[in-house]
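# The sequence isn't on hand, but the structure is:
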């Protein structure tokens, strides 16, 4: 009975790919087809020399989008199961000792993937019908390609998931580089099981977008892939000239999402458009090219529960990533914050203060973000509002890291290297 389609994903060298294909002999009586997706061009010639039964098929990525390519291909399958193996993976002989099928109550079989002291669950054997009902996120909806499968798994009811029970996967090697380890640490948070979620205080996330079509989907989706979701996600498109609004429209049917659009006027004016719609006690500001950890709102709520009344802004650390021309992101490190007590310390801060979690009352009492004369109010809006709030309230630093900053060439600050000294002259 040939009822399994095998997908070999993102293999980076010929030896690992050959080992994976050879290991399928353990289950060859079940394999209907073998599909190889997302391998480097230099492997194509080697791949063509492989002789397998059934023949392995190479599928080219659609616009370099692994999620979309998988969704489109799986729609055409008629087999009962899909089996996934990933770069460096191969089946070991233990696979012959397990029952490679799912009963009526289970839809997904997983296995553990460990790097150093971090372990994540990977989809292994999945019912094809479930994959057709629950599509994978696309590349512009998750921070990096490695998150596509785990983010999908996080949306599957855990009662329908079962582990393999045995160690059925071998690996030729493990990528323990700093960047990959940080990605695994991030992915592990998709598996956070909040048995008693903190539901107070209430939190909204606000996003102002201008020409970030390639990244804003990741920002918005990170708000919904939360172990403890926010009550509201509010976005405003500030007169983008790219495909940003189309990207944002994907979410308009979500009950917690609200989308506005306006003529371009800068970030401060755009965020002020959102203020009348905020119904929560606190607001997290998220840039359109950044993203939140899957446990971000849970962690933030935990700090907010005992926040003193005179604190207008809670902030922490920033985790930085470099956007590469290849489409990959490279981990840069954590920018540790520090406590700011006055205007002098605010203006000498060495990087943007964040993440910024505002008390809604304080922000509305200030009548939103100030629009100053410098650059028509389009620059340093974060410093302007924090300077205003410091007059009556405190800013509070806590040592937590749940906010991811993407460094890239389209950054507004990079495109507008305006003088900091000129800004300070106009700051009250």
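Okay, I see it. The model shown is predicted, which means the values in this text are computed figures rather than measured ones.
# got the end-to-end distance for stretch 152-172?
The straight-line separation of the ends of stretch 152-172 (C-alpha to C-alpha, to the nearest Å) is 26 Å.
# Show residues contacting it.
With contact meaning C-beta atoms under 8 Å, 6 or more residues apart in numbering, stretch 152-172 is reached by 15-16, 19, 23, 85, 88-92, 94-95, 97-98, 102, 105-113, 121-124, 130, 134, 136-137, 190-191, 193, 225, 294. No exception for glycine: its C-beta is placed from N, CA and C like everyone else's.
# Just the buried ones from these?
Using 16 or more other C-beta atoms under 10 Å as the burial test, these include 16, 19, 23, 85, 88-91, 95, 102, 107-111, 113, 121-124, 130, 136-137, 190, 225, 294 as buried.
# From the contacts of stretch 152-172, which land in helices?
Counting by DSSP state H, the part of those found in helices is 15-16, 19, 23, 130.
# just the residues you listed now: which is nearest residue 65?
Minimum distance to residue 65 across the ones in helices among the contacts of stretch 152-172 is 20.8 Å, recorded for residue 130 (C-beta to C-beta).
# what mean pLDDT does stretch 223-235 have?
Mean pLDDT, stretch 223-235: 96.
# is it true that residue 142 touches residue 218?
Yes - with contact defined as C-beta atoms under 8 Å, residue 142 and residue 218 form a contacting pair (6.1 Å).
# show me where pLDDT drops low in this protein?
194-198, 412-418 (pLDDT under 70).
# swap the cut-off to 80 and go again
Low-confidence segments of the chain, defined by pLDDT under 80: 41-42, 45-53, 55, 192-199, 373-378, 410-428.
# So what are the structural domains in it, by residue number?
Domain assignment of the chain by automatic domain parsing yields the ranges 4-191, 203-426.
# ends of stretch 71-80, how far apart?
Using C-alpha to C-alpha, the two ends of stretch 71-80 sit 16 Å apart.
# err, stretch 45-56, not the other one
13 Å.
# Any chance you could list what contacts it?
With C-beta under 8 Å, 6+ apart, stretch 45-56 has contacts from 8, 14, 17-18, 21, 24, 28, 31-36, 39, 58.
# next one: stretch 274-282
201-204, 206, 208, 230-232, 234-236, 258, 260, 300, 304, 314, 357-361, 363-364, 368.
# So which of those residues belong to helices?
300, 304, 360-361, 363-364.
# residue contacts, the closest residue in space to residue 182 that isn't next to it in sequence?
In space, and not counting its chain neighbours, residue 182 is closest to residue 331: 4.2 Å by C-beta to C-beta, 6 or more residues apart in numbering. By C-beta under 8 Å, 6+ apart, the contact list for residue 331 reads 178-179, 182-183, 319-322.
# Tell me where the stretch 151-300 of the chain has helices.
178-188, 216-224, 244-249, 267-274, 296-304 (DSSP state H, counting those that start in this stretch).
# Of the ones you listed, which is nearest residue 290?
helix 216-224 (6.1 Å).
# From the chain's centroid, how far away is stretch 203-218?
Mean-position distance between stretch 203-218 and its chain equals 12 Å (C-alpha atoms, centre = their mean, to the nearest Å).
# how long is that stretch from one end to the other?
19 Å.
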